[in-house]
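Just the structure for this:
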Amino acid sequence: MNEHLTHRPHPVPSEPAEQAGHPGHPTMERHCDVAVIGGSAAGLAAALQLARQRRGVVVVDDGTPRNAPAAHMHGYLGHEGAAPGELTGIGRAEVRAYGAEVLPGRVVGVSRRDDGRFRLDLTGGHTLVARRVLAATGLSDELPPIDGLAAGWGRGVIHCPFCHGFEVRDRRLVQIVTSPLGLHPTPLFRHLADRLTVVLHDPAGVDEGAVAALAASGVTVERGEVSRVRTGPDGEVSGVELGDGRVLEADAVVVGSRFRARADALAGVGLTTSPHPTGGGDVLAVDARGETAVPGIYAAGNVTDPSLQVLPSAAQGSQVGAMIAFSLAEEDLRDAVRRSGEEADWDHRYAGPDRAWSGNPNGTLVHEATALPPGRALDVGTGEGADALWLAEHGWQVTATDISGNALARVRAEAEHRGLAVTLVRGDANDPAPFGTETFDLVSLQYGSFKRTPDQRGLRSLLAAVAPGGTLLVVHHDLTPLRDPVDVAAQTRMYDPEAFVGVDEIAAALTADPDTWQVETHETRPRPAGAASTHHVSDVVLRATRRKA
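You can find the predicted model right below:
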């Protein structure tokens, strides 16, 4: 069974071949408690809350945040002036530290299944099934059709005095008014800069009383259309050209946009956007808990409120994440169960009638274990059990663990068919004492890892299971190809290695304790023959011995 899904408590899904240059690989369906659409401040804050509640969380992010054009974000206490990508990077690391996955990809549609759960269709033909969905997709800004506005958006062309106002203080500002709402931020910009000119590009519906008050306060008011925004040799805004040919010198341009909630993917469940009370665009309406009109689908961040900066977006995401956690817990309480999203994911993988993998033992295990004297062996994340059965056939007393009861049922049936004795334990490496109190002469973790936790509970349990003088053998795919970017418009990457404890992290723990461990092998090798799939070509092999007292 030379395939990673069969040898682990949380087997790493096989990387879709469409991403690795192997067309025709089957598409993947994964299951989780909560699917989060959008991986910026609101989505990540919600994911963190939910992951800390031990919920299976998958974030799908297409890398198109509303604030992408901005070099810095402001008003976020503790992160003032940081680049938006810096905060996102920190947030992703924190979310992954609790085992939540962040997948580069795109959700193209959401529908409700007959069992009440939601199906999310992803680019590449993949599917995510979730009990709850959080839309943290944000907004898109539609700028007036004036030449030069879009090119400078988020830099020399701004709209928010809180996001950018301090940076343009005491400079020459030209504000272009294109809607009745256009004058709303003007008093703030007037306070920040004493050289403000307001151009009524489209005065329809504008409050003339407000215009008169501005003029009386010393603000220059121009009436007439703007033809374009001018830039200097360095690409910075230099002025605003009016329709009559005059040029107003400017260091920055202020203009409002119409905002559109990114909610097209939710049309399949009947969700549509609602006009914002200001008339400036549309949003996705939610109740006080962050739930939309469709039970089980929530929303947070700019998609619900265009005024939210990054800090309040994160705060709202955190609050809505907590509400989703309550919703799931209340449902489980009514059903008198303690559901695990991780368990559901892997039970689904082994629910079909056909064998998932080749049935062959891993060639590296065979190579490394043949020379060892048979003793007690622990096969962590056994999957369909090919490795455990091979060890039992060669005189080992084997305990095999897996999070999936369906997987263990297959191992049990095959062991009985062959007349072999294998002790089966259903559980997760992150459970308390997942392998009992006994230790083993061989602990085998083939093609896999387990979800991260900040206290490294699973890693500590794995190492503690090795008896003095015993061997730890870890084999994992070389995941170097996963560092390549993915075109989210065509493909969604269905596995996030950074949410799992990997072979290099295990090796680091061993080398940090040389008094306890002797690392004998830590190298990359060609993958042995016999696997059910062929797109993984190299393995990382780690073999170590626990020193005797």
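
How confident was the prediction at residue 549?
Residue 549 carries a pLDDT value of 80.

Quick check: phi and psi at the residue lying closest to residue 498 once chain neighbours are set aside.
Distances taken as CB to CB, 6 or more residues apart in numbering put residue 96 closest to residue 498, at 4.8 Å, once the chain neighbours are dropped. In short, each C-beta sits where N, CA and C put it, glycine included. Residue 96 adopts backbone torsions of phi -70, psi -30, taken as degrees, to the nearest 10.

For residue 93, give me its contacts.
residue 498 (CB atoms under 8 Å, 6 or more residues apart in numbering).

same thing but 10 Å
44, 102, 498 (CB atoms under 10 Å, 6 or more residues apart in numbering).

looking at this, it is in a helix?
Yes: looking at residue 93 with DSSP: H, G, I helix; E, B strand; the rest coil, it is inside a helix.

per-residue confidence at it?
97.

got it, and the one 5 residues further on?
With respect to pLDDT, residue 98 scores 97.

you'd agree it is up against residue 92?
No: contact criterion CB atoms under 10 Å: residue 98 and residue 92 do not qualify, at 11.5 Å.

shared neighbours of those two, anything?
47, 48, 499.

Can you tell me the element the first one falls in?
Counting by DSSP states H and E, the element that carries residue 47 is helix 41-52.

And the helices in the stretch 101-250 of the chain?
149-152, 161-164, 186-192, 208-216 (DSSP state H, counting those that start in this stretch).

what about the first one, distance to the chain center?
Read it as helix 149-152. 30 Å (CA atoms, centre = their mean, to the nearest Å).

nearest to residue 37, of the helices of the stretch 101-250 of the chain?
helix 161-164 (23.9 Å; CB to CB).

Tell me how many other residues surround residue 386.
Residues near residue 386, counting by other CB atoms under 10 Å, number 27.

Verify the contact between it and residue 361 for me.
Yes: when contacts are counted by CB under 10 Å, residue 386 is listed as touching residue 361 (4.9 Å).

Dump the helices of the stretch 101-250 of the chain to TSV, plus mean neighbour count, distance to residue 441 and mean pLDDT.
Listed next are the helices of the stretch 101-250 of the chain as TSV, based on neighbours: other CB atoms under 10 Å; distance: least, CB to CB, whole Å; pLDDT from 0 to 100:
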stretch	mean neighbour count	distance to residue 441	mean pLDDT
helix 149-152	18	66	92
helix 161-164	18	61	92
helix 186-192	17	71	96
helix 208-216	13	82	96
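
wait, which of the ones you listed is closest to residue 238?
helix 149-152 (10.6 Å).

For that closest one, list the C-alpha coordinates in PDB.
Presented in PDB, the C-alpha positions along helix 149-152 are these (Å, rounded to 0.1, in the frame of the first residue of the first chain):
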ATOM      1  CA  LEU A 149      -8.100  56.500 -11.500                       C
ATOM      2  CA  ALA A 150      -7.700  52.700 -11.600                       C
ATOM      3  CA  ALA A 151      -3.900  52.900 -12.100                       C
ATOM      4  CA  GLY A 152      -3.400  54.900  -8.900                       C
END
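
Would you mind pulling the contact partners of it?
So helix 149-152 is contacted by 69, 141-144, 156-158, 176, 178, 226, 228-229, 231, 235-237, 252-253, 255, 257 (CB under 10 Å, 6+ apart).

ok, 8 Å please
Outside helix 149-152, the residues touching it (CB under 8 Å, 6+ apart) are 143, 157, 229, 231, 237, 253, 255.
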